[in-house]
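Chemist: Got a predicted model here, sequence first, then my questions.
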Amino acid sequence: MNQPKPLKRFGQNYLVDQNIIRKIITEFNPLADDVVLEIGPGTGALTSHLVDSVNDFYAVEVDKRVVDDLRARFPKAHFVNADFLKTEIKDLVSTEKKIRFIGNIPYNITSPIVFKLMENRNRVKDAMFMVQLEVARRMTAKEKSDDYGILGVLLNYFATTKLCFKISPNVFYPKPKVHSAVVHMDFNRAADSSVNDEHFISVVKAAFGNRRKTLKNSLSNSIFGKTEFMLGTFDLTRRAEELSINEFVELAKLLNVKQK
C-alpha cells in the first residue's frame with residue numbers, strides 16, 4: 001500500500017527517519033514478556049520494530065485507511081480501529097498484566113491521553129510518547145520554573161518522568177512547525193493513601209487557577225472558596241508554582257480536613 005496522505009484532522013505527522021526510530025526503540029527497550037499497546041501506529045514505523053520483540057502487541061488506530069494494511073503486514077498483532085480517548089483500555093487489551101504504552105501521538109490531544117493513563121494507572125507499567133517539546137518540558141518540570149503547572153505536578157505525583165531526547169521537525173512527514181521530544185513516564189510511584197486522588201487533583205487545579213496570584217486568592221476563587229483558610233503554618237501567600245509535590249500533598253490533606 002502506498003503511504004496515505006497524513007490527515008490534519010487527526011494531527012498526523014508520520015515518523016520517517018530510521019535512525020530516530022531505532023533510537024526510540026532502544027530507549028523503550030521492549031522485552032519478550034512485555035504487553036505493549038501502541039497509540040496511533042500510522043503506517044507502522046515503530047510497529048515494525050516492536051511486533052516481533054514482544055509476545056503481546058496491541059495497537060489502536062483511529063484512521064481506518066491504514067488498519068487493514070497494518071493487519072495484513074503484522075498478523076501477530078492485535079489492531080483496533082478506534083479513538084483511544086473514547087475506548088476503555090480493557091476493551092483494547094485482554095490481558096490483566098500491566099501495559100507498556102508507546103506512540104507518536106497527536107500533539108493536540110497529548111494532555112487528555114496522559115490524564116487517561118493517570119486515571120487508569122493500575123493498568124499502566126510505563127509510557128513513552130513523542131510530544132511537542134513545549135509539552136515535554138511541562139511534563140517534566142520542577143517547581144519554581146515557568147513550565148511547572150497542573151500537568152507536571154499531577155504526572156510527577158503519579159509517575160517518574162524523563163525527557164529522553166529532543167527531535168527535529170525534519171524526521172517527520174509532513175514537517176511540524178515545532179520541535180518534539182520523547183518523554184518516558186514510569187508509573188512506579190505510590191500515591192499517598194491518605195489523600196483521595198480526585199481531591200488531590202482538585203486542589204492542584206484550584207491552586208493554579210490564577211497562576212500569578214497567591215494560593216489564598218486562587219483557592220478563594222475555586223471550589224474551596226468557602227473553606228476557612230486557617231491552615232496553621234502553611235504559607236498561603238506563596239504562588240502555586242513555588243510548591244513542591246510534597247507540599248501539594250500537605251495542602252490537600254489540610255484542605256480535606258477543613259472540608260469535612
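Modeler: Structure's in. What do you need? Numbering: from 1, shown residues only.
Chemist: Run through the chain and note the low-pLDDT ranges.
Modeler: 1-12, 229-231, 257-260 (pLDDT under 70).
Chemist: Can you list the residue ranges for helices in it?
Modeler: 18-28, 47-50, 64-73, 110-119, 133-139, 150-158, 197-207, 215-220, 245-259 (DSSP state H).
Chemist: Nearest to Phe172 among the ones you listed would be which one?
Modeler: helix 18-28 (9.2 Å; CB to CB). The C-beta positions use only the backbone N, C-alpha and C, and glycine is treated the same way.
Chemist: elements contacting that closest one?
Modeler: With contacts defined as 3 or more CB pairs under 8 Å, 6 or more residues apart in numbering; DSSP states H and E, the packing partners of helix 18-28 are helix 47-50, strand 99-104, strand 124-132, strand 160-167, strand 180-186.
Chemist: Span of stretch 217-232 from start to end?
Modeler: Its first and final residues considered, stretch 217-232 spans 17 Å by CA to CA, to the nearest Å.
Chemist: will you turn the helices of the chain into CSV that also has mean neighbour count?
Modeler: Output for the helices of the chain, formatted as CSV (neighbours: other CB atoms under 10 Å):
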stretch, mean neighbour count
helix 18-28, 15
helix 47-50, 19
helix 64-73, 15
helix 110-119, 19
helix 133-139, 20
helix 150-158, 22
helix 197-207, 20
helix 215-220, 19
helix 245-259, 17
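Chemist: Format the ones you listed as JSON lines; extra columns: distance to His179.
Modeler: Formatted as JSON lines, the helices of the chain follow (distance: least, CB to CB, whole Å):
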{"stretch": "helix 18-28", "distance to His179": "13"}
{"stretch": "helix 47-50", "distance to His179": "23"}
{"stretch": "helix 64-73", "distance to His179": "26"}
{"stretch": "helix 110-119", "distance to His179": "14"}
{"stretch": "helix 133-139", "distance to His179": "4"}
{"stretch": "helix 150-158", "distance to His179": "18"}
{"stretch": "helix 197-207", "distance to His179": "27"}
{"stretch": "helix 215-220", "distance to His179": "31"}
{"stretch": "helix 245-259", "distance to His179": "27"}
